[in-house]
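1. have a look at this prediction, sequence included:
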Amino acid sequence: MSSRSAYFQEVDSDDVSVDSEESESFDLDVPRTGSAVSRAPLVAMEVPYRFRSPVLLLCGGIFGLMGFSVAFVIGFLHFFMRTVDHNGVPYKSGNGYWPATVSEMVYSWNSPEGRIFFGFCLISALLIFQSWYPFMLRNVYTGSEALCNRCSPIYWITFRQVVPVVGLLLLICVSTVPASMATFSDDFAVVVHLMGAGMMFMGYIVSEMKCLELCSSICSCLEGKKQAKFLDIEGPERKLRKACMLTVVLFYMIFVVCQVALEVFQDTLCCSDEFEEGRKGLETYSLWYVTINTASGYYLAIKIISFTSEVVSGMALIFSHIIIWYYCEERHCHYAENAIMEVYDEENSVDVHNQATTIYVANAQGC
């Protein structure tokens with residue numbers, strides 16, 4: 001990324017002044033060193049949110065990766081280790097239960113995998129949302145580009161900030177059940193759950209394609225005439241972000257195809273899962289308690305591909321955030337070294353730090 005470098009303005013604390021009315025409000029029993037601001041025992045400068053955003057984005061990405069990784073590991077272990085039903089009778093297929101989706105595996109709030117996945121992904125969503133990275137980091141900032149210049153007042157940075165994260169929250173908060181066990185009321189939850197998945201995956205895919213100006217010749221709304229003033233993504237960053245997007249798109253399409261195949265060929269392919277009738281207390285029992293026999297043959301193969309492709313797509317999406325963090329110039333700014341303008345040592349009655357203070361007005365290229 002080419003550098004539109006920042007400038008940093010050195011301001012001595014002796015130059016900081018307040019008017020006479022404000023100065024009267026400093027009624028503290030501390031020595032005064034000549035500068036109006038030094039009358040307070042501690043004066044901390046407000047660090048621009050732009051420099052706090054990278055660490056929040058990184059932590060959100062790490063927690064998201066942990067959530068999807070733990071989900072895959074637990075599903076893998078259950079398949080090989082839990083080959084008997086809750087009564088200790090081995091399944092006829094000889095296999096453990098393999099979920100078709102991550103959500104199917106973690107639907108039960110009382111299961112360990114459900115609590116772990118919900119906790120990690122909730123923290124991830126909150127941290128990514130609180131980072132406000134589409135507004136703060138220059139390598140994703142598209143300026144005043146709007147979704148539709150004629151009809152929509154929504155900017156792309158707002159769309160990227162809200163839609164994928166809200167989709168993730170819907171995905172983890174509205175649990176779903178295997179299609180063969182879904183009742184009429186469960187279908188509403190399934191619809192909301194699928195809407196959340198679409199918001200998370202498709203929302204992020206479209207936002208990143210817009211940022212990288214991919215497929216701009218096909219869709220005019222993905223063109224970046226205004227964003228060119230801010231974005232200049234090139235070199236390894238562009239290659240890695242494109243690779244992540246291609247991975248997300250490819251495996252998400254595989255996931256969707258597998259889901260359609262499982263629904264259409266449920267009664268024709270050998271052999272689907274069998275569940276016990278009359279025990280629908282999914283909020284109390286885990287799926288293990290209602291499984292009579294597990295899938296095998298082609299049906300099992302499609303389920304494995306479906307589950308794995310969703311995990312890979314989700315992890316690639318989250319990893320894309322870490323790539324954005326790694327190449328953002330804002331993370332190189334060591335703002336904490338100059339964030340405090342003055343610290344007063346009460347025991348020795350001296351100013352510990354009353355030196356020139358850096359005010360950050362642009363990006364961190366020169367830190």
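-> It's in. Numbers count the residues shown, from 1 in each chain.
2. shaky segments in the stretch 151-300 of the chain?
-> 151-152, 178-182, 215-231, 277-286, 288 (pLDDT under 70).
3. quick one, strands of it?
-> With DSSP state E, counting those that start in this stretch applied, the stretch 151-300 of the chain shows strands at 274-275, 291-293, listed in chain order.
4. helices and strands around the last one, which ones?
-> If I follow you right, that is strand 291-293. Applying 3 or more CB pairs under 8 Å, 6 or more residues apart in numbering; DSSP states H and E, we find strand 291-293 packed against strand 274-275. To be clear about C-beta, it is placed using only N, CA and C from the backbone, and glycine gets the same treatment.
5. what pairs with the strand it packs on, and is each one parallel or antiparallel?
-> With DSSP bridges as the test, strand 274-275 is paired with strand 291-293 (antiparallel).
6. okay, buried residues for the partner strand please.
-> Of all the residues in strand 291-293, those buried under the rule 16 or more other CB atoms under 10 Å are Thr291, Asn293.
7. again, but for stretch 50-62
-> Buried residues in stretch 50-62, defined by neighbour count with 16+ other CB under 10 Å: Arg50, Phe51, Arg52, Ser53, Pro54, Leu56, Leu57, Leu58, Cys59, Gly60, Gly61, Ile62.
8. just the ones of these in helices?
-> Applying DSSP state H to those, the entries found in helices are Arg50, Phe51, Arg52, Ser53, Pro54, Leu56, Leu57, Leu58, Cys59, Gly60, Gly61, Ile62.
9. and the last one, how far is that from Thr142?
-> Yep, that's Ile62 we're talking about. 25 Å (CB to CB, to the nearest Å).
10. and the fourth one, by the same measure?
-> Ser53 is 16 Å from Thr142, where distance means CB to CB.
11. can you map out the helices along the stretch 151-300 of the chain?
-> In the stretch 151-300 of the chain, the helices defined using DSSP state H, counting those that start in this stretch lie at 156-173, 184-212, 235-264, 297-327.
12. possible to save these as CSV with distance to Cys148 and mean neighbour count?
-> As requested, these are exported to CSV (distance: least, CB to CB, whole Å; neighbours: other CB atoms under 10 Å):
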stretch, distance to Cys148, mean neighbour count
helix 156-173, 11, 21
helix 184-212, 12, 18
helix 235-264, 22, 17
helix 297-327, 25, 21
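13. now those in TSV, with distance to Ile116?
-> As requested, the helices of the stretch 151-300 of the chain are arranged in TSV below (distance: least, CB to CB, whole Å):
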stretch	distance to Ile116
helix 156-173	11
helix 184-212	19
helix 235-264	21
helix 297-327	14
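14. just the ones in helices among the buried residues of stretch 50-62 now: which is nearest Phe319?
-> Checking these against Phe319 with CB to CB, the nearest one is Gly61 at 7.0 Å.
15. the closest residue to Tyr155 other than its chain neighbours: neighbour count?
-> Distances taken as CB to CB, 6 or more residues apart in numbering put Ala146 closest to Tyr155, at 5.5 Å, once the chain neighbours are dropped. Close neighbours of Ala146, defined as other CB atoms under 10 Å, add up to 19.
16. show me the contacts for Ala146.
-> Ala146 sits next to Ser152, Pro153, Ile154, Tyr155, Trp156 when contact means CB atoms under 8 Å, 6 or more residues apart in numbering.
17. against Ala261, how distant is the last one?
-> So the one you mean is Trp156. For Trp156, the distance to Ala261 equals 34 Å [CB to CB].
18. now the fourth one
-> Tyr155 sits at a distance of 38 Å from Ala261 (criterion: CB to CB).
19. who's in contact with the spatially closest residue to Ala261 that is not a sequence neighbour?
-> Spatially, and ignoring its direct neighbours in sequence, Ala261 is nearest to Ile302 (5.5 Å; CB to CB, 6+ apart). Ile302 sits next to Cys258, Ala261, Leu262, Leu269 when contact means CB under 8 Å, 6+ apart.
20. any idea which of these is closest to His193?
-> Using CB to CB, the contacts of Ile302 come closest to His193 at Leu262, 15.6 Å.
21. am I right that that closest one is in contact with Ile304?
-> No: using CB atoms under 8 Å, Leu262 makes no contact with Ile304, being 11.2 Å away.
22. as CSV, could you dump the C-alpha coordinates of stretch 133-153?
-> Output in CSV follows, covering the C-alpha atoms of stretch 133-153 (Å, rounded to 0.1, in the frame of the first residue of the first chain):
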residue,chain,number,x,y,z
TYR,A,133,-12.7,-0.5,11.5
PRO,A,134,-14.5,0.4,8.2
PHE,A,135,-14.5,4.0,9.4
MET,A,136,-11.1,4.0,11.1
LEU,A,137,-8.6,2.0,9.0
ARG,A,138,-7.5,3.4,5.7
ASN,A,139,-7.0,0.1,3.9
VAL,A,140,-10.8,-0.6,4.1
TYR,A,141,-12.1,3.0,4.0
THR,A,142,-14.2,3.7,0.9
GLY,A,143,-15.1,7.3,1.7
SER,A,144,-18.5,8.6,0.5
GLU,A,145,-19.1,5.6,-1.8
ALA,A,146,-22.8,4.7,-1.4
LEU,A,147,-24.6,1.5,-2.2
CYS,A,148,-26.7,3.2,-4.8
ASN,A,149,-25.9,6.8,-5.6
ARG,A,150,-29.4,7.4,-7.0
CYS,A,151,-31.7,5.7,-4.4
SER,A,152,-29.7,4.8,-1.3
PRO,A,153,-28.2,7.1,1.3
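23. list the buried residues for it?
-> When burial is assessed from 16+ other CB under 10 Å, stretch 133-153 yields the following buried residues: 133-143, 145-146.
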